[in-house]
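Visitor: sequence and predicted structure, then a few things I'm wondering about:
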Amino acid sequence: MRNIVLGLLFLSAFSCKNAQDSYKKVIPEHEMQELLIDLHLSDATIRTYINYNKPVYVQKAFYDSVFTKHKVTEKQFLWNIMHYSKDKKICDIYEKAISELTSKKAVYEQKIIREKVGK
C-alpha cells in the first residue's frame, strides 16, 4: 500500500510539472512572425472599426481568435516573447514582420489605386 501511495505521489508531482511547463513550447521564428502580423492586423481592425471604449473582452476575443488560428495559448505566446527577447531575436522577428506588413500594405494600396483608375 505504501508503495502505491508513493507511486501516486510521484506520478502526480511529475504530471504537475508537465502541466506547469506546457506553456514552454518554442514557436518557430517564422510562425512567431506570422502570429505577430496577425496580432497587429487585429489591433488595426480594432482601432479602425471598433471604438476603444468597448469593453476589454472585445479585444481579447480578437486576440483569442488569432491564438486559436495559430494553435497557441496566450501564455505560450508571452513565454515565446520572453524566450526570443533573451537572445534579442525578437528584434529580427519584428523587423521581418514589419517588412511583411509593409509589403502587404503596398500591394493593397496598388489594388486600391487600380480600382479607382478603373472607375
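Guide: It's in.
Visitor: check the offset of the lengthiest helix in the chain from the chain's centre.
Guide: In the chain, assigned by DSSP state H, the helix with the most residues is helix 89-118. Helix 89-118 has its average C-alpha position 19 Å from the chain's average C-alpha position, going by C-alpha atoms, centre = their mean, to the nearest Å.
Visitor: please apply the same query to stretch 27-47.
Guide: That offset, for stretch 27-47, works out to 6 Å (C-alpha atoms, centre = their mean).
Visitor: just to revisit the earlier point, who are the packing partners of the longest helix of the chain?
Guide: Under the contact definition 3 or more C-beta pairs under 8 Å, 6 or more residues apart in numbering; DSSP states H and E, helix 89-118 sits against helix 29-49, helix 74-86. All C-beta spots, glycine's among them, are computed from the backbone N, C-alpha and C.
Visitor: report the angle between that helix and helix 29-49.
Guide: 50 degrees (axes from the mean of the first three to the mean of the last three C-alpha atoms, to 10 degrees).
Visitor: in contact with the most centrally placed residue in the chain, which residues are there?
Guide: With distances taken as C-alpha atoms, centre = their mean, residue 35 lies nearest the centre of the chain, 4.4 Å away. Contacts for residue 35 (C-beta atoms under 8 Å, 6 or more residues apart in numbering) come out as 27, 66, 70, 72, 77.
Visitor: can we see that at 6 Å?
Guide: Shown in contact with residue 35 (C-beta atoms under 6 Å, 6 or more residues apart in numbering): residue 70.
Visitor: what mean pLDDT does the longest helix of the chain have?
Guide: Helix 89-118 comes out with an average pLDDT of 91.
Visitor: what does stretch 68-84 give?
Guide: For stretch 68-84, the mean pLDDT works out to 94.
Visitor: contact partners of it?
Guide: Outside stretch 68-84, the residues touching it (C-beta under 6 Å, 6+ apart) are 23, 24, 25, 27, 32, 35, 67, 90.
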